[in-house]
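**Q** Need coordinates for the below:
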Amino acid sequence: MPVRIILLRAVNVGGGGKLPMADLRAIATDLGATDVRTYIASGNLVADVPSDPDAFDRSLEQAVEQRFGFFRDVISRSPEQVRDALDAHPFEIVEPKFSYVSFLAGVPTPAALEKARTHETHDDRWDVIGSEMHIRYADGAGRPQMKSDQIGRALGVPGTARNLNTVRKLIELAT
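**A** As a prediction, the model looks like this:
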């Protein structure tokens, strides 16, 4: 079974999408995953999944919705893909908690990228490499100068962001 780093979008943020990590581990196990681990309470899961990771992701989305009554996108990558995304980060890393990788559900179209680039970013920076959006906030994610949610919507594919500290820890847990 392949090892996957599984990321749920918008879990336990802003008072919504409350999903206890023990329940998430139990759901993943019920779906056939083994060696299931979570990291912090924001929807980060590392597990060995049955042979088709995409089918597992869709099943996890459905199971979470059935059990908790809300839909959350599930986006997963192999540890190698996550490491490659980290290595490809195009911006100087001044503070790892100010730099993010947003793992996208697909590759944005050229037209969507062009539309997204019309949004003002001030000193914040972003770029898309493949199916990842890389972000560097000048003053941290708590005080963003750009509207990353608007950029994300313009890209036309759902994504979920993790700071580089979290990305590194997930790689460590998966290897």
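
**Q** can you pull the buried residues of the helix or strand where Thr166 lies?
**A** With elements taken from DSSP states H and E, the one containing Thr166 is helix 164-174. For helix 164-174, burial by neighbour count (16 or more other C-beta atoms under 10 Å) applies to 164, 166-167, 169-171, 173-174. C-betas here are computed from N, CA, C, even on glycine.

**Q** between those, which is closest to Ala85?
**A** Nearest to Ala85 among these: Val167, at 7.4 Å, using C-beta to C-beta.

**Q** in the helix or strand of the chain with the lowest mean pLDDT, what's buried?
**A** The least trusted helix or strand in the chain, going by mean pLDDT, DSSP states H and E, turns out to be helix 148-155, with a mean of 87. Along helix 148-155, these residues count as buried under the neighbour rule (16+ other C-beta under 10 Å): 148, 151-152, 154-155.

**Q** got it, and stretch 62-80?
**A** Of all the residues in stretch 62-80, those buried under the rule 16+ other C-beta under 10 Å are 63-64, 68, 72-77, 79.

**Q** Between the two ends of that stretch, how far is it?
**A** Stretch 62-80 has an end-to-end distance of 26 Å (C-alpha to C-alpha, to the nearest Å).

**Q** now swap in stretch 36-43 and tell me
**A** With C-alpha to C-alpha as the measure, the ends of stretch 36-43 fall 13 Å from one another.

**Q** ditto for stretch 139-146
**A** Start and end residues of stretch 139-146 are separated by 11 Å (C-alpha to C-alpha).

**Q** on that earlier part again, of the buried residues of helix 164-174, which is the nearest to Asp48?
**A** Nearest to Asp48 among the buried residues of helix 164-174, with distances taken as C-beta to C-beta, is Ala174, at 9.8 Å.

**Q** Do I have it right that the closest one meets Val82?
**A** Yes. Taking C-beta atoms under 8 Å as the definition, Ala174 is a contact partner of Val82 at 7.4 Å.
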